[in-house]
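Participant: Return a 3D structure for these sequence lines:
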Amino acid sequence: MTNCEAKTIVLKSVVFMFVFFVLAIPLFFAYAATGVLENPLRGTNDLTTLIIKILGAVVKIGGYVAVLAIIWSGFLFVKAQGNKTELETAKSTFMYTIIGVAVLLAAQGLALALGETIKSVVR
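Facilitator: Next up, the predicted model:
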């Protein structure tokens, strides 16, 4: 294992631990404040509402992942230091992150529109 590979493994481990703690600590505080974790599916009586709630949770998580991916691509830009191949990697990482965010938001919009259409047809 080269020195560069070891640094990459350490960096990935640090990023993983940071992300884990950033996402896990609010749950611990929420539990400590109320003493009880609430059921997030409360008020779900039909399939369309369930799908909309699940997609809403996926979009929230996707938003956090998108922010981290944008930060990561910025780190890649800084790390490239003018190297053409690394700059192309950073550009493609940023581009694919933006495309992923667009797909995520489009999926949410489509699901909401379909859900409302189904609800209006059923009534």
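Participant: Show me what the helix or strand that contains Val59 is packed against.
Facilitator: Assigned by DSSP states H and E, Val59 belongs to helix 47-80. Counting contacts by 3 or more Cβ pairs under 8 Å, 6 or more residues apart in numbering; DSSP states H and E, helix 47-80 packs against helix 3-34, helix 84-122. Where you see a C-beta, it was placed from the backbone N, CA and C, and this is true even at glycine.
Participant: By mean pLDDT, show me the worst of those helices.
Facilitator: Between the helices and strands packed on helix 47-80, the lowest average pLDDT goes to helix 3-34, which shows a mean of 71.
Participant: Just the buried positions in stretch 72-90, please.
Facilitator: Across stretch 72-90, burial judged by 16 or more other Cβ atoms under 10 Å covers Ser73, Leu76, Phe77, Ala80, Thr89, Ala90.
Participant: of all these, which two lie farthest apart?
Facilitator: Farthest pair in those (Cβ to Cβ) is Ser73 and Ala80. Separation: 10.5 Å.
Participant: what do these two both touch?
Facilitator: Each of Ala90 lies in contact with both Ser73 and Ala80 under the rule Cβ atoms under 8 Å, 6 or more residues apart in numbering.
Participant: if we can go back for a sec, what separates the helix holding Val59 from the chain centre, distance-wise?
Facilitator: The chain centre lies 2 Å from the centre of helix 47-80; the measure is Cα atoms, centre = their mean, to the nearest Å.
Participant: coming back round to it: closest one of the buried residues of stretch 72-90 to Ile98?
Facilitator: Nearest to Ile98, judged by Cβ to Cβ, of the buried residues of stretch 72-90 is Ser73 at 9.3 Å.
Participant: Pull the contacting residues for the closest one.
Facilitator: With contacts defined as Cβ under 8 Å, 6+ apart, Ser73 is in contact with Ala90, Thr93, Phe94, Thr97.
Participant: 10 Å - rerun?
Facilitator: Ser73 makes contact with Thr89, Ala90, Lys91, Ser92, Thr93, Phe94, Met95, Tyr96, Thr97, Ile98, according to Cβ atoms under 10 Å, 6 or more residues apart in numbering.
Participant: If I follow the layout properly, the second one ends up in contact with Ala80?
Facilitator: Yes. When contacts are counted by Cβ atoms under 10 Å, Ala90 is listed as touching Ala80 (5.5 Å).
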